[in-house]
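[1] need a 3D model of the following:
(one chain, ligands or ions: 1)
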Amino acid sequence: MFPETFTGDHLIGVTGRAFRDGLVSVECFNPRDFAMDRHRTVDDKPYGGGPGMLMKVAPIRKAIHNAKEAATEAHVSPDVPTEASKGASKKMLPEVVYLSPQGQPLTQGDLAEWALKGSVVLVCGRYEGIDERIIESDIDREVSIGDFVLSGGEVPAMAVIDGVTRLVPGAVGDRDSVTQDSFSSGLLDYPQFTRPEEIEGRQVPEVLLSGDHGKIERWRQKQALGKTWEKRPDLIRARSLTKIEQQLLDEYLAETVKK
Ligand code: 4GY
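    Numbers count the residues shown, from 1 in each chain. All right, here's what the predicted structure looks like:
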């Protein structure tokens, strides 16, 4: 309902560049453009009463269907072509994603999937949301960006667009910074340091000044494991550790208890 949000004019940095270069694009389908009455009504009352309004069913459904149709053009199958499928252009439908606090947590894997597939339909709710039957019939997946409530789905959609954009080949100069970033490994990032060497008595860890790249890599892996264990133990539980990783984490814990 607020297409002005998605012009991309405000975008800076890698996402702004990717938009201007046409590596990614956003097309908006405004429910109001599909409203038939003379007031172009897009809201409706909830059955059972209570505060607030819901999105009117027909306009949001028509907007979703039109978006799906348009996105089908841009959509590519991520499948590696086989002898059988070669040339046979399968009409792949884009995933229709509804952003809401009731959704499953958004993951880096979701973003990677949508970047690879070439298109995704993001449904931005307003008011108190949409009729449950639309979720059942027209939404493939309900996804949340966190346990808090915003006033509409536009900001969550922008978060998705930003996260997908930096995974689009060519959008970020250094591919390594994308493949090595936090969560690709299922762990938090290791701590980072820049100049000066000392800030109010706090020194840059000596190993980072050593020039020994093997040692630095080992230290960073150990830090990533240790920090994740401290700050997000749920991520450690969700992931099995290799023998080497377990050993590094044990070392981190032994070294940290000392201090
Ligand atoms: N949190 N994660 C979120 C949100 C706003 C009423 C439905 C969230 O994804 N979306 O808070 N969305 C609501 C507002 C309609 C979307």
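
[2] which positions within the lowest-mean-pLDDT helix or strand in the chain qualify as buried?
    Sorting the helices and strands of the chain by mean pLDDT, DSSP states H and E puts helix 175-179 at the bottom, at a mean of 76. Neighbour counts using 16 or more other C-beta atoms under 10 Å place residue 178 of helix 175-179 among the buried residues. C-beta here means a position set from N, CA and C on the backbone, and glycine is covered the same way.

[3] and stretch 147-166, anywhere near the ligand?
    Yes: looking at stretch 147-166 against the ligand by C-beta under 6 Å from any ligand atom, the contacts come from 148-150, 152-153, 156.

[4] just the buried ones from the residues you listed, in ChimeraX syntax?
    Command for ChimeraX that selects the buried part of those, burial taken from 16+ other C-beta under 10 Å:
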select :152,153,156
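
[5] just the ones of the residues of stretch 147-166 next to the ligand in helices?
    Mapping the residues of stretch 147-166 next to the ligand onto helices (DSSP state H) picks out residue 156.

[6] got a list of contacts for the least confident helix or strand of the chain?
    The contact list for helix 175-179 (C-beta atoms under 8 Å, 6 or more residues apart in numbering) reads 166-167, 169, 172, 184.

[7] show me what contacts residue 106?
    So residue 106 contacts 143-145, 159-160 (C-beta under 8 Å, 6+ apart).

[8] for residue 102, which three-state class applies?
    Of the three states, residue 102 takes strand under DSSP: H, G, I helix; E, B strand; the rest coil.

[9] isn't it up against residue 147?
    No: here residue 102 lies out of contact with residue 147, judged by C-beta atoms under 8 Å, at a distance of 10.6 Å.

[10] pick out whichever of these two has more residues nearby.
    residue 102 (11 against 7; other C-beta atoms under 10 Å).

[11] contacts only, for the more buried one.
    Applying C-beta under 8 Å, 6+ apart, the residues near residue 102 are 142, 144.

[12] quick revisit: of the contacts of helix 175-179, buried ones?
    166-167, 172.

[13] just to revisit the earlier point, just put the residues of stretch 147-166 next to the ligand in CSV and tack on pLDDT.
    As requested, those are arranged in CSV below (pLDDT from 0 to 100):
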residue, pLDDT
148, 98
149, 98
150, 98
152, 98
153, 98
156, 98
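
[14] A helix includes residue 230, no?
    Yes: the assignment for residue 230, made by three-state DSSP, places it in a helix.

[15] which stretches in the protein count as strands?
    43-44, 54-55, 95-105, 120-123, 141-144, 198-199, 202-203 (DSSP state E).

[16] looking at the ones you listed, which is buried most?
    Among those, ranked by average contacts under mean count of other C-beta atoms under 10 Å, first place goes to strand 120-123 (a mean of 25).

[17] counting contacts, what elements does that strand pack onto?
    Identification of packing neighbours for strand 120-123 by 3 or more C-beta pairs under 8 Å, 6 or more residues apart in numbering; DSSP states H and E yields helix 57-74, strand 95-105, helix 154-165.

[18] any weak-confidence spans in the protein?
    Scanning the chain for pLDDT under 70 picks out 77-90, 258-259.

[19] around the ligand, pick out the residues from it.
    Residues of the chain lying near the ligand (C-beta under 6 Å from any ligand atom): 99-101, 103, 125-126, 128-129, 144-146, 148-150, 152-153, 156.

[20] again, only this time at 5 Å
    99-101, 125, 129, 144-145, 149-150, 153, 156 (C-beta under 5 Å from any ligand atom).
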